[in-house]
Each structure stands twice: as C-alpha cells, then as structure tokens.
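# What shape does this take:
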Amino acid sequence: MGKVVTLGEIMLRLSTTAGTRLAQAEQFSAHYGGGEANVAVSLANYGHHAVFAGKVPTNELGAAVRKHLNRYGVDTSQLLMGGPRLGTYYLEAGVGERGASVVYDRAGSSFAVMETVEWDMDQLFKETDIFHLSGITPALSMKWRELTIDLLKAAKSAGCKISFDINYRGKLWTQEEAGETIRTILPYVDYCSAGGLDAQHFLGISPYEDESEKEKAIYYYKKMQEAYSNISVFYSTKRTVHSASVNELTGSVWADNTYYESQCHLIDPIVDRVGGGDAFAGGLLHGLLSNDNYQEAVDFATAASALKHTVHGDCNQFSREDVEAFLALGSGRIIR
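Sure thing, here's the model as predicted:
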C-alpha cells in the first residue's frame, strides 16, 4: 500500500432534503467534505496511508472535521488549526428534472486566507508516493495560485508523483483565470483528471465533431498528451444525465497511448451525487498504487464512484472489499 498526501479546503456542507427549496428550508443535514479530503477518505478505506493537509479553525467545527477524517482512518497530523472560520456551502438537493444547486459561504475561511505555506514541506512529503490536489485550491485566491506552484515544486523535489484534478468551479473563477493557472500547473503533473470540455475550455484544443463518444475521448486525450507529454495517465468520467435522480456513468483512462473504458453503470436512484468524481479519482489512484492494470483500475474506480452515489455525504464510505464484491456480483444483488 502507498502513501498519498492530499491538500485542500474541507468545508461544512448543509443540505436540504429532496423536494425542499433552499429559501424555504427549516432544517439541514450536516456533512463535512471537500475534493481532496474525499480522495483521502477513499484511499484510507482501501488501506493506503492517506494524509490530509488543510487548515480549520480552533473551535468545535474544526474538531468535528478532524473527527470526521479520523473515523475513516485518514492521517490528520498535517491538519493545521487556527484562522477565522470554517468554510461552508449550502446544497439544494435536486430531484427529477431539477438539478442540485450550491451556494458558497467560504470567503475568509482559515484555509482560503493563508498567505504562506505553513507546513514543513520536508516533513509533509517525506516518503510520499503521490501528492494530490485539485483546481479548487488555486481558485480560492491569488496567493493560493502562487502557493500551489510552491507546493508542487517541493513535492517534485521530494520525488512525489503529482495527481491533479482540474475540478473547475465556475462560481470561484472564470474560465480564462482557470485556464491561465491550469496551464502553469500541468507541467508538474503525472496523473491528471481531465475530459473533453477541460481540453477545449482551458487548453485551447479545438472541438472534435465525430459523433462517436469513444473517438471524441481518444482525440482529446491524445491532444492533451501531445501538449503535456509529462503526464502519463489521463482519466475522466462520462455522465449521461436522464434526470437529477437517474444517471449513467462510464469511466475512461488514457495511458501508454491506449484507451481503456469501464462498463456503463446505471445509477437509479441517485441518493447523493456530490463527491462522485472524487470517489472515481480515489479509486483510480488506488489502482495505480496497487499496480493494477489500467483496465482493472478504471473498472474499480467507476464502480467506486457508482457506489458513492448511493450514500449521503461527500465521501465514499466503501472498502476495497465492498467495491470488489460489487464488481463481482453486479447491481442490486444481496450479499449473503
């Protein structure tokens, strides 16, 4: 099993129940999550040494974050305490043809207002196999765009592989801002979560008009690797949305100039879609750390993501054995 360090902002999520508009809500379900923290939870569930680096306030909410991560076995030795507040976001649950909607209340959070790298980077990356982060972190402030590059340089110097999930959030920055920053990050990256829209919007790759979804995916993967030959593995999911409650999900990987695709999972009904991409990333990194072949890795990752859709909260709550049993038995079968 490997050691992975993930770094980013973890927040309190307050969610409505399906069928309740945010403006009419009188109660919320509380969960903790964030892209990088969710990946750490998945990897800890699969038996890896997963370290989450972030910063939360020294109060009951900060303590709750630590307890949330520890209950899944995530190493919180690099979780800093201090600063003004914990970031929050509100989720209006989608149902039927109405999609979910998010309202952020994260400005001025303990993590977002950091001005320097407050970790001992030699200690942070000691004996680490993979450093994982996402495009959400540099979207938080101009300073975080600088700090992200500093962290990437230190991780590369320490011998880490770099995993990067573009994870664009239009409510945090513009496509132009994101593209400019992402293009400075990608030369450091070894494993990248990016799909066709990322290639077009952030990397300036021309659209591909072929009607075949597989041929489109291969085209974009090839073009991205031509631009960034340092990246050995690209991966993404393709989602067909029938409604907020019914999706089809397929995962794909591009590695060694070869395209790999999972089976299509029909997820009906969806309990909670948030964190599905993080579960896929965590499953894919598990496959890479376990030296699985790429087909096994994408099959596992997509199954893990499909399972995540069946539970409330941001993070995957399934073990390696759970995912493997799901793959072996298929959808909906009773495990006796």
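
# any idea which residue sits dead centre in this protein?
For the chain, the residue nearest the mean C-alpha position is D278 (3.1 Å; CA atoms, centre = their mean).

# Test my guess that it contacts L43.
No. The criterion here is CB atoms under 8 Å, and D278 misses it with L43 at 10.6 Å. The way it works is simple: take the backbone N, C-alpha and C, and place the C-beta from them, glycine included.

# And the next helix or strand past the host helix or strand of the residue nearest to the centre of the chain?
D278 is located in helix 276-289, with elements delineated by DSSP states H and E. Using DSSP H and E, the helix or strand that follows helix 276-289 in sequence is helix 294-308.

# Quick one: mean pLDDT over that following helix.
Per-residue pLDDT over helix 294-308 has a mean of 98.

# How about stretch 104-121?
97.

# Alpha carbons only: can I get that stretch in CSV?
Once non-C-alpha atoms are left out, stretch 104-121 reads as follows in CSV (Å, rounded to 0.1, in the frame of the first residue of the first chain):
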residue,chain,number,x,y,z
TYR,A,104,-21.0,29.0,-1.2
ASP,A,105,-20.2,30.8,2.1
ARG,A,106,-16.5,30.1,2.1
ALA,A,107,-14.9,33.6,1.8
GLY,A,108,-12.4,34.4,4.6
SER,A,109,-12.0,30.8,5.7
SER,A,110,-9.0,29.6,7.6
PHE,A,111,-7.7,27.8,4.6
ALA,A,112,-8.5,30.5,2.0
VAL,A,113,-6.8,33.3,3.8
MET,A,114,-3.4,31.5,4.2
GLU,A,115,-0.6,33.8,2.9
THR,A,116,2.3,31.3,3.2
VAL,A,117,2.9,27.6,3.1
GLU,A,118,2.6,26.8,6.8
TRP,A,119,3.7,23.2,6.6
ASP,A,120,7.2,21.9,6.9
MET,A,121,7.4,20.7,3.4
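
# Please enumerate residues in contact with stretch 262-278?
13, 33, 35, 38-39, 42, 91, 94, 100, 165, 167, 193, 237, 244-252, 298-299, 301-303, 305-306, 308-316, 331 (CB atoms under 8 Å, 6 or more residues apart in numbering).

# Narrow these to just the buried residues.
Among the contacts of stretch 262-278, those classed as buried by 16 or more other CB atoms under 10 Å are 13, 33, 35, 38-39, 42, 91, 94, 100, 165, 167, 193, 237, 244-245, 247, 249-252, 298-299, 301-303, 305-306, 308-309, 313-316.
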